[in-house]
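> Predicted model follows, preceded by the sequence.
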Amino acid sequence: MADEKILIVEDENDIRELIHFHLFKNKYQVLEASNGKEALEITKAESPDLVILDIMIPEIDGLELCKILKNNKETQEIKV
């Protein structure tokens, strides 16, 4: 497996599964979240290298989640 971890944040199961399939096929470690709150918890615990982020998600929307990540010293270097 590749060392790179990618977090997919998408509330639509079909879209999330499709992205997961292609990333996994290309040897990335894939993490998944279906809402902003879950994504924030996973990001803090797992420190992914990249977050693929949908804007319209439940709990915390994608734009707000991006702001939270970029304003936090522990997560601001993560590519979104």
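Alright, I've got the coordinates. Numbers count the residues shown, from 1 in each chain.
> Can you give the contact residues for the longest helix along the chain?
Ranked by number of residues, the top helix in the chain under DSSP state H is helix 13-25. With Cβ atoms under 8 Å, 6 or more residues apart in numbering as the test, helix 13-25 has contacts from 6, 8, 10, 30, 32, 34, 52, 54. Quick note: C-beta positions are derived from backbone N, CA and C, even for glycine.
> Buried ones in stretch 46-63, by neighbour count?
Buried residues in stretch 46-63, counting neighbours by 16 or more other Cβ atoms under 10 Å, are found at 48, 49, 51, 52, 53, 54, 57, 60, 61, 62.
> same question but for stretch 9-18, I mixed them up
For stretch 9-18, by 16+ other Cβ under 10 Å, it's 9, 10, 11, 16.
> Tabulate the residues you listed in CSV, adding columns for secondary structure and pLDDT.
As requested, these are arranged in CSV below (DSSP: H, G, I helix; E, B strand; the rest coil; pLDDT from 0 to 100):
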residue, secondary structure, pLDDT
9, strand, 98
10, coil, 97
11, coil, 96
16, helix, 97
